[in-house]
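> got a structure for you, letters missing:
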């Protein structure tokens with residue numbers, strides 16, 4: 001490789017090394033009042049363990065409805081980094097001016113979900129089925145042909161009837 005090409009490759013590699021996109025991390029603390037967490041990256045940075053503090057935790061939320069599961073210390077989570085600062089963008093639904101200097105910075109992290117490790121594989125579920133499983137053994141499963149199977153210690157139905 002000639003010197004010019006080598007210099008360009010080194011320059012590009014150097015710039016790309018500073019861009020954070022996605023990390024796998026271990027949640028170390030969660031505050032349910034603020035939906036913020038501390039996470040420890042599962043990778044070392046220059047031989048050093050890195051913990052990021054006060055990271056927003058996001059849940060699927062649409063049209064005023066949300067699916068919320070509080071994470072617990074020890075959970076393995078997926079952390080993404082916004083191109084621009086996150087805090088201003090999370091205040092409300094308005095478009096805002098953001099700091100364009102700290103792009104893909106560790107301080108612009110957001111936890112977007114929990115991950116299952118190969119050691120902790122979830123309950124097997126068939127193709128075209130949907131399942132929700134709790135550590136207590138309780139579950140709701142929708143089968144491929146539309147049956148709903150609920151399992152639990154006690155099952156309560158509030159405000160409705162089962163025909």
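Structure received. Fair warning: this is a prediction, and the values are worked out from it, not measured in the lab.
> What is the neighbour count of residue 84?
Using other CB atoms under 10 Å, residue 84 has 17 other residues around it. C-betas here are computed from N, CA, C, even on glycine.
> Just give the closest residue to it, not the sequence neighbours.
residue 98 (4.0 Å; CB to CB, 6 or more residues apart in numbering).
> Give me the pLDDT for that neighbour.
pLDDT, residue 98: 79.
> Can I take it that it is in a helix?
No. Going by DSSP: H, G, I helix; E, B strand; the rest coil, the assignment for residue 98 is coil, not a helix.
> Count residues in the vicinity of residue 45, would you?
Residues near residue 45, counting by other CB under 10 Å: 11.
> right, I mislabeled it, should have said residue 52
19.
> swap in residue 114?
So residue 114, with other CB under 10 Å, has 14 neighbours.
> Then the one 5 residues further on?
When neighbours are defined as other CB under 10 Å, residue 119 has 6 of them.
> Quick one, grab the pLDDT at it.
At residue 119, the pLDDT value in this model is 83.
> That one looks like it's in a helix, true?
Yes. Assigned with three-state DSSP, residue 119 falls within a helix.
> picking up where we left off before, shouldn't the residue nearest to residue 84 be in contact with residue 90?
No. Proximity of residue 98 to residue 90 does not meet the contact threshold set by CB atoms under 8 Å, at 11.2 Å.
> circling back: next, the residue nearest to residue 84: phi, psi?
Backbone torsions of residue 98, given as degrees, to the nearest 10, read phi -130, psi 160.
> quick one on the thing from earlier: more crowded one of residue 98 and residue 90?
More crowded of residue 98 and residue 90, by other CB under 10 Å: residue 98, with 17 against 13.
> State the distance from that one to residue 60.
Counting by CB to CB, to the nearest Å, the separation of residue 98 from residue 60 is 24 Å.
> contacting residues for residue 144?
126, 127, 128, 129 (CB atoms under 8 Å, 6 or more residues apart in numbering).
> so who does the last one touch?
By that I understand residue 129. Residue 129 sits in contact with 141, 142, 143, 144, where contact means CB under 8 Å, 6+ apart.
> pLDDT value on it, please?
Reading off the model, residue 129 has pLDDT 92.
> So which residues of this protein form strands?
22-31, 36-45, 48-56, 61-62, 65-66, 76-81, 109-114, 130-133, 139-142, 148-151 (DSSP state E).
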